[in-house]
Structure formats: C-alpha cells, structure tokens
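[1] Compute the structure for the input listed below.
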Amino acid sequence: MMFFHFWIGFLDVYVAGLIDSKVQASLGIVTQILFFLLIVAISFANGSVSTISQSLGGQRETRAKRYAMLSLEIAALAGIILCFLGFLFKKELVLILKTPRPLYEITTYFIKVYVLLIPIYYLFITTNAILRAQKQVYVPLISIMLVTILNGALNFSLCFGYFIFPRMGFKGLPWATFFSVLSGCLVNILYLTKKGWVRYRFIPKIKWIKAFFPYLWKVSWPIGLNQLLWHFAYVILFSITATLPQKNIVALAAFTAGSRIEAILFLPAFAFNMTASILVGHYLGNGDYNGAKDIGQKTWMLGISIISFLAIILWFFVQEVAGILSDDPLVQMEIINYLKYNVLAIPFTVSTMIFGGVFIGAGATKFNMMCIGGSVWLVRVPLAYILGHIILKDSSGIWIAMFLSQMSQSLIMGFLFIKDKWIGYSMKKANRILKANASAI
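    Residues are numbered from 1 along each chain as shown. Alright, predicted model coming up:
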C-alpha cells in the first residue's frame with residue numbers, strides 16, 4: 001500500500017515538473033493545505049483502528065461494527081463541513097501561506113478542486129482504517145493500486161491531452177486525483193457492504209454513543225491535535241521557505257520534490273506504523289500485555305533495520321532521482337541538499353513512526369501529541385527561522401532544523417516505550433469500556 005502511495009505522489013510531482021517549476025511549487029503548497037484539511041479524518045481513522053482492533057481482539061464483533069459505522073458517519077459529516085469551509089475561504093488559505101505572487105493562479109485553482117475531494121477522501125481514509133483494523137489489508141491494497149493506476153493515467157491524459165481527453169495543462173492534476181480517489185473509495189465501501197460491516201442495524205443509537213464514544217474521543221483528539229500541530233508547523237515551514245532571502249521558489253520546488261523522494265523511505269515506515277497499531281491493538285484487546293510490548297519491539301527492530309538499509313541504497317542514486325524530478329539544475333542541486341539531511345535522519349524518523357503506531361494501537365495517543373507536536377514547535381519551527389533567515393540565510397538552515405527535530409522526538413518516544421506506561425491506556429487495562437452499562441453494550 002505504501003509503495004503505491006509513493007507512486008501517486010511521485011507521479012504528481014513528476015508531471016507537475018514536466019509542465020513548469022511553478023506548478024511543482026504550487027502543488028507542494030496545496031498538498032500541505034490538503035493534509036491540513038484531512039486532520040479530522042486521520043484522527044478518527046486512527047482512533048477507529050484502536051477501538052475496532054481492540055474490540056475484535058476481545059471478541060466483541062458487534063461493538064467493532066458499531067464503531068465502524070460511527071466512524072463513517074463522523075467522516076461523512078466532517079468532510080461535507082470542511083468542503084464548504086475550504087471553498088468559502090480558499091483565497092484566505094493562499095494568503096496565509098504567503099504564496100509568492102507568480103503562484104497565485106495555479107494554487108487557487110488547485111484548492112478549488114481539492115476541497116471538492118475532501119468528503120470522498122474522508123470516506124476513503126476511514127474505510128481503509130476499518131479494513132486494516134480487521135487485518136483485511138488486501139482490500140485497501142487493491143483499492144490503492146486502482147487509485148495509483150488511474151491517477152497516473154489521468155495525470156498524463158488530462159494534462160497533455162492524450163487519447164480522447166482535452167489538454168488541460170496544470171488543471172488536469174487535481175482532477176486526476178479526484179476521480180482516482182473516488183474509484184478507490186467506492187471499492188472499499190462496496191466490499192464493507194458485502195461483508196456486512198455497512199448495515200443499518202449497526203448504526204449506533206444515542207445510548208450506545210454516550211457509553212462508547214468517550215473512548216474513541218480520548219484516542220482521537222490527541223491525534224487530531226497532533227496532526228494540527230504538525231501540519232500547521234509545515235505550513236509555517238513552507239512560509240519560512242517561501243520568504244527565504246534568496247532562491248525561495250527553487251527551495252519550494254526542492255522541498256516538494258525532495259519530500260517525494262524521502263517518501264520512498266517514509267512510507268514504508270508508515271507501513272510499519274500501521275502494522276504496529278493493528279497488532280498491538282489486537283494483543284491488548286485480548287489482555288496480552290507482554291505480547292503487545294514484544295510485537296512492538298520486534299516491529300521496531302525489523303523496521304529500522306530494513307529501512308535504514310534502503311536509505312543507504314537510495315543515497316547512491318540521489319543525483320539520478322533528482323534529475324528525474326526536475327529539469328532545472330538549481331532545483332536538482334537543492335533536492336540533493338534537502339536529502340543530505342533528511343536521509344541521514346531516517347533511523348530517527350522510522351523510530352518515531354513505529355513507536356507512534358504502538359501508542360495508537362494502545363490508545364496512548366497523548367504521547368504522540370506531546371512528543372511530535374512538542375518537537376516540531378519547540379525545535380523545528382524556531383530553528384528553521386533562526387538558521388534559515390538569520391544565521392545561514394538559505395535553505396540549508398531549514399533542512400538542519402528538520403533533522404534535529406526528528407532526532408529529539410524519536411529519543412523521547414523510545415524512552416516512553418521502554419517505560420510501559422502506554423499499556424495503561426488500552427480499553428481492558430484502563431477498564432473504561434467495561435464499566436459501560438449492559439444495555440448499551
């Protein structure tokens with residue numbers, strides 16, 4: 001799944017680079033806005049993984065299905081609301097990001113289309129989480145394969161007018177994403193319906209929601225706040241990059257392209273993150289606390305070994321990959337500069353991702369919020385401005401700040417994992433759900 005996620009982002013940036021470096025820079029800006037608007041979906045989706053996996057681990061299938069339906073209802077409602085707000089305030093979003101004036105037209109159009117995608121994306125993210133929590137990982141794999149193939153085909157067809165399609169230029173990029181994500185979402189919903197997870201009888205009643213929603217909320221809100229802190233920090237980071245004293249557009253394009261190359265390693269780390277959250281949730285739901293810690297430790301050891309090895313291999317081909325993503329020599333050089341620091345940070349990045357997955361599976365999402373959110377705002381953002389605008393006065397200062405923040409948050413999260421306090425946040429250990437009244441169960 002993460003491999004195909006990588007190709008979606010890679011092809012978007014590649015096609016944008018074929019059109020113009022301004023399109024590539026605008027795509028990076030709008031991608032950050034889209035991530036920002038997806039915060040609610042991501043937070044409740046991760047909360048669903050925790051609640052559904054622990055419920056299934058404890059042999060509570062009906063409870064798991066009701067949590068699934070509740071998550072879908074939240075996703076649909078929140079997606080529609082944010083779609084409306086995003087379209088209403090699209091111009092303000094462009095201004096908040098301090099978008100360079102040459103990028104205004106492209107960025108505004110991208111936002112118009114992407115906000116229409118939000119309700120669909122919300123359901124896609126949530127259905128993926130529901131399936132993963134059941135260990136039904138092959139269905140999301142098939143749906144993301146379909147999204148990747150359609151997105152790639154439509155990117156070239158719509159942007160350059162291949163086959164029967166009109167030549168839309170940069171306007172084809174967001175529409176390719178729209179139709180491809182819609183197809184993947186429909187695959188997931190049809191499968192869940194066929195398997196009996198989307199049923200009217202599983203729509204939770206008010207009494208059930210009062211008894212069981214509090215745990216979902218306790219797990220979800222720290223994820224949402226963490227995502228808010230993280231993505232708002234990235235918005236600020238993009239603004240800091242966009243206002244650099246020199247070569248700001250080159251730095252923005254390199255930031256966009258470099259992050260896609262980094263995703264070769266980042267997305268597999270996220271795969272280990274999801275694996276840890278699912279398995280830890282099932283172990284804790286069954287009351288096997290030692291098994292939960294053991295599987296978390298093994299996942300970390302396996303993940304950091306494999307991905308660090310891949311990082312070493314990638315480093316030997318950085319120049320070639322940078323050349324593929326941009327024809328501009330200045331952007332190529334800046335992409336390599338970006339990766340010099342971020343590939344070096346991979347062991348810390350992987351550790352953060354895997355320990356974060358363990359904490360999500362256990363419901364200990366407050367740890368993620370404190371460690372990641374704190375590191376980003378206390379280390380990354382202030383250092384990026386100080387090094388990028390005052391001391392070094394170029395993009396290297398921003399890349400160094402990113403490295404130092406990754407290192408600090410991973411060390412703190414590793415310490416918390418060893419201390420075992422995250423186990424006490426599970427349903428069974430904390431005894432929250434078991435105290436609900438019998439009629440609600």
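
[2] Give the ranges of residues in the chain that sit below the confidence cut-off.
    Residue ranges of the chain with pLDDT under 70: 97-98, 428-441.

[3] before we move on, what SS does Arg167 have?
    Three-state call for Arg167 (DSSP: H, G, I helix; E, B strand; the rest coil): coil.

[4] Stretch 304-322: how far from the chain's middle?
    21 Å (C-alpha atoms, centre = their mean, to the nearest Å).

[5] should've said stretch 47-59
    Mean-position distance between stretch 47-59 and its chain equals 21 Å (C-alpha atoms, centre = their mean).

[6] same check, this time on stretch 80-90
    20 Å.

[7] Buried residues in it, which are they?
    Leu82, Cys83, Gly86, Lys90 (16 or more other C-beta atoms under 10 Å). (Each C-beta comes from the backbone N, C-alpha and C, glycine too.)

[8] Please list the members of these that lie in helices.
    Leu82, Cys83, Gly86, Lys90 (DSSP state H).

[9] mind listing what the residue nearest to the second one when sequence neighbours are not counted touches?
    Nearest non-adjacent residue to Cys83, counting by C-beta to C-beta, 6 or more residues apart in numbering: Ile118, 4.5 Å away. Under the criterion of C-beta atoms under 8 Å, 6 or more residues apart in numbering, the contact partners of Ile118 comprise Leu37, Leu38, Gly79, Leu82, Cys83, Gly86.

[10] From Leu116, how far out is the last one?
    Going back to what we said before, that points to Gly86. Applying C-beta to C-beta, to the nearest Å, the value for Gly86 to Leu116 is 9 Å.

[11] all helices of the stretch 301-441 of the chain, in order?
    Under the criterion DSSP state H, counting those that start in this stretch, helices of the stretch 301-441 of the chain are mapped to 318-325, 329-342, 346-362, 365-368, 374-375, 381-385, 396-419, 427-430.

[12] is it possible to export those to CSV including distance to Phe170 and mean neighbour count?
    Shown next, in CSV, are the helices of the stretch 301-441 of the chain (distance: least, C-beta to C-beta, whole Å; neighbours: other C-beta atoms under 10 Å):
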stretch, distance to Phe170, mean neighbour count
helix 318-325, 16, 16
helix 329-342, 17, 20
helix 346-362, 31, 27
helix 365-368, 36, 24
helix 374-375, 35, 20
helix 381-385, 28, 19
helix 396-419, 26, 20
helix 427-430, 48, 19
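
[13] The ones you listed into TSV, with extra columns for distance to Phe124?
    Listed next are those as TSV, based on distance: least, C-beta to C-beta, whole Å:
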stretch	distance to Phe124
helix 318-325	26
helix 329-342	28
helix 346-362	19
helix 365-368	22
helix 374-375	29
helix 381-385	30
helix 396-419	28
helix 427-430	27
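
[14] of all these, which lies closest to Ser220?
    Smallest distance to Ser220 across the helices of the stretch 301-441 of the chain (C-beta to C-beta): 7.5 Å, for helix 365-368.

[15] Can you give the distance from that closest one to the centre of its chain?
    Helix 365-368 sits 16 Å away from the centroid of its parent chain (C-alpha atoms, centre = their mean).

[16] Against which helices or strands is that helix packed?
    helix 39-57, helix 206-242, helix 346-362, helix 396-419 (3 or more C-beta pairs under 8 Å, 6 or more residues apart in numbering; DSSP states H and E).

[17] Is it possible to get JSON lines of those helices that adds distance to Ala176?
    Supplementary listing: the helices and strands packed on helix 365-368 in JSON lines, determined by distance: least, C-beta to C-beta, whole Å:
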{"stretch": "helix 39-57", "distance to Ala176": "21"}
{"stretch": "helix 206-242", "distance to Ala176": "23"}
{"stretch": "helix 346-362", "distance to Ala176": "28"}
{"stretch": "helix 396-419", "distance to Ala176": "29"}
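
[18] how many neighbours does Tyr14 have?
    Tyr14 is flanked by 19 other residues according to other C-beta atoms under 10 Å.

[19] give me the element the nearest residue to Tyr191 once chain neighbours are set aside is part of.
    Using C-beta to C-beta, 6+ apart and skipping residues adjacent in sequence, the residue nearest Tyr191 is Val139, 5.0 Å away. Assigned by DSSP states H and E, Val139 belongs to helix 138-160.

[20] do Ile164 as well
    With DSSP H and E as the criterion, Ile164 is inside neither a helix nor a strand.

[21] Could you dump the ones in helices among the buried residues of stretch 80-90 into JSON lines with distance to Gly388 added?
    Below are these laid out as JSON lines (distance: C-beta to C-beta, whole Å):
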{"residue": "Leu82", "distance to Gly388": "31"}
{"residue": "Cys83", "distance to Gly388": "34"}
{"residue": "Gly86", "distance to Gly388": "29"}
{"residue": "Lys90", "distance to Gly388": "28"}
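
[22] Show me where the stretch 1-150 of the chain has its helices.
    2-19, 21-37, 39-57, 61-88, 90-96, 104-133, 138-160.

[23] Relative to the whole chain's centre, how far out is the third one?
    I take that to be helix 39-57. Here helix 39-57 shows a centroid-to-chain-centroid distance of 14 Å under the convention C-alpha atoms, centre = their mean.

[24] Next: the longest one.
    In this view, helix 104-133 has its centroid 12 Å away from the chain centroid, taken as C-alpha atoms, centre = their mean.

[25] quick one: buried residues of it?
    Applying 16+ other C-beta under 10 Å to helix 104-133 flags 106-111, 113-133 as buried.

[26] mind listing what the nearest residue to Gly296 once chain neighbours are set aside touches?
    Among residues not flanking Gly296 along the chain, Val358 sits closest, at 4.1 Å (C-beta to C-beta, 6+ apart). Applying C-beta under 8 Å, 6+ apart to Val358 gives the contacts Ala276, Ser277, Val280, Ala292, Gly296, Thr299, Trp300, Phe417, Trp422.

[27] Could you tell me which of these are located in helices?
    Ala276, Ser277, Val280, Ala292, Gly296, Thr299, Trp300, Phe417.

[28] Just give me the neighbour total for Ile206.
    By other C-beta under 10 Å, neighbour count at Ile206 equals 9.

[29] Look up how far Phe213 lies from it.
    Using C-beta to C-beta, we find Ile206 at a distance of 10 Å from Phe213.

[30] Check Leu37 too.
    Computed as C-beta to C-beta, the Leu37 to Phe213 distance reads 23 Å.
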